[in-house]
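1. compute the structure for the input listed below.
(one chain, ligands or ions: 1)
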Amino acid sequence: MDKKTILVTGGAGYIGSHTIVELVQKGFHPIIVDDFRNANKTVVSGLTEILGFCPSIIHVNVCDINALEPVFQAQKIHGIIHFAAYKAVGESVVDPLKYYKNNLQGLVTICELALKYQVNNFVFSSSCTVYGEPEGLKEVDEATRLSKANSPYGNTKLIGEQILIDVQAQNPQFKCVNLRYFNPIGAHPSANIGEFPIGTPSNLLPYITQTAIGKREKLTVFGNDYPTPDGTCIRDYIHVSDLANAHVAALNLLESTSTPFFEAINIGTGKGTSVKEIVDLFETNTHQKLNWEIGNRRPGDVVEIYANAKKANDLLNWTANYTVEDAIVHAWNWEKKLAEND
Ligand code: UD1
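-> Numbers count the residues shown, from 1 in each chain. Okay, the predicted model is just below:
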């Protein structure tokens, strides 16, 4: 039987590249659509190393409908996973139009082509940022009220979800899953692919591994006076390969379900870990001493949030396989691999 072709926009990025691995391993034929503006070219050799062949790659900007349409004409596409978007919260505050233009135009363009070519299985890369700071319970399920976004980046995820709700309402054949990611960390266990932060990382794990390897002097823990057991913020850190796997589960669900179908699904472990705990786990599990200090709170940080992942368990038959310790070790192995190749 022919393998089903899945278009993966942003497939050369951090989560995208790990999803390519899972798709191939589960018998799909993914096509990466990426213009590599935020991706590192070495991801191609990393993927080739893991897969044993070079995946199909089309160098196209998803906002460019004229460049993208031939991809839909050239083959029957069975499903789309749409990752391609900017994701730096701070940058989005400084340059909101860059975010609105790229993230929303990209989504609208891919949806136009999906409708025109009847590609009816669609997975959208959303974020737990849509919940903002949860009131009361810190474990959020999908029924939790969505919050006003605290950055243009977050707003593009909220608006993106709304665009898909509206598209689906008018096109009952169009089936969609919004995956709301918690905090992806780690790297492929082989250390052949991982995260390539651009410039100074703003996310915790790459900042930690870059500090331990000597690229950064010191990690600043942003605040230890929050109302949490150790005073530092709490997140739900999920191994990127587990997250990648959830996309395959989402495609399988879309395939098996009848229309109309639209669901938002949390992808997290269901377990909260504080910044201080992450620092301690890093030191214990990698046997590295980390240079760190307590600094001021980072404006806009959510105090505590973690997933209720029951819907993912029930609907996708998905649970996280890796522990946070595994993810930390894999992130460290990846950082060491990067250093070897420098
Ligand atoms: C952030 C965004 C989120 C987005 C995600 C994308 C905010 C409020 N949230 O998530 O919307 O989807 O990035 O990657 O910006 N920390 C330190 N020192 C550091 C870096 C981080 O203490 O040098 C702390 C942060 O204060 C936070 C935790 O580590 O408590 C995790 O931070 P980060 O990795 O940036 O993720 P989020 O803030 O959860």
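2. give me the number of neighbouring residues for residue 158.
-> 18 (other CB atoms under 10 Å). Placement of C-beta: from N, CA and C, glycine included.
3. got the contact list for the host helix or strand of it?
-> Using DSSP states H and E, residue 158 sits within helix 152-170. By CB atoms under 8 Å, 6 or more residues apart in numbering, the residues outside helix 152-170 that reach it are 85-89, 91-93, 96, 99-100, 103-104, 107-108, 111, 115, 122, 124, 126-127, 129-130, 132, 146, 149, 174-176, 178, 260, 262, 264.
4. next one: residue 246 from residue 312, what distance?
-> 7 Å (CB to CB, to the nearest Å).
5. what packs against the helix or strand harbouring residue 238?
-> Per DSSP H and E: residue 238 is located in strand 237-239. Packing contacts for strand 237-239, counted by 3 or more CB pairs under 8 Å, 6 or more residues apart in numbering; DSSP states H and E, involve strand 183-185, helix 324-341.
6. output the lowest mean pLDDT helix or strand found in the protein.
-> None of the helices or strands of the chain scores lower by mean pLDDT, DSSP states H and E than helix 89-94, at a mean of 92.
7. got the contact list for it?
-> 86, 98-99, 129, 151-154, 156, 202, 300.
8. so for these, which is the shakiest by pLDDT?
-> Ranked by pLDDT, these bottom out at residue 300, which has 87.
9. tell me which residues in the host helix or strand of residue 16 are buried?
-> Assigned by DSSP H and E, residue 16 belongs to helix 14-25. When burial is assessed from 16 or more other CB atoms under 10 Å, helix 14-25 yields the following buried residues: 14-24.
10. and what of stretch 322-332?
-> 322, 324, 326-332.
11. how about those residues, which pair is most distant?
-> 322 and 332 (13.8 Å; CB to CB).
12. what strands line up against the strand holding residue 238, and which way round?
-> strand 183-185 (parallel) (DSSP bridges).
13. after the partner strand comes which helix or strand?
-> helix 204-213.
14. partner strands of the helix or strand just after that next one, with direction?
-> Following helix 204-213 in sequence order, the next helix or strand is strand 219-222 (DSSP H and E). Paired with strand 219-222 in the same sheet, following DSSP bridges, are strand 292-295 (parallel).
15. after the strand it pairs with, which helix or strand is next?
-> That would be, after strand 292-295 and using DSSP H and E, strand 306-307.
16. which of the residues in the helix or strand that comes right after that next one are buried?
-> With elements assigned by DSSP H and E, the helix or strand that comes after strand 306-307 is helix 310-316. Within helix 310-316, the residues that count as buried by 16+ other CB under 10 Å are 311-312, 316.
17. re earlier: which residues are contacting the strand holding residue 238?
-> Taking CB under 8 Å, 6+ apart as the rule, strand 237-239 contacts 181-186, 205, 267-269, 273, 278, 320-324, 326-327, 330.
18. mark which of the contacts of helix 89-94 are buried, thanks.
-> For those, buried by 16+ other CB under 10 Å: 86, 99, 129, 151-154, 156.
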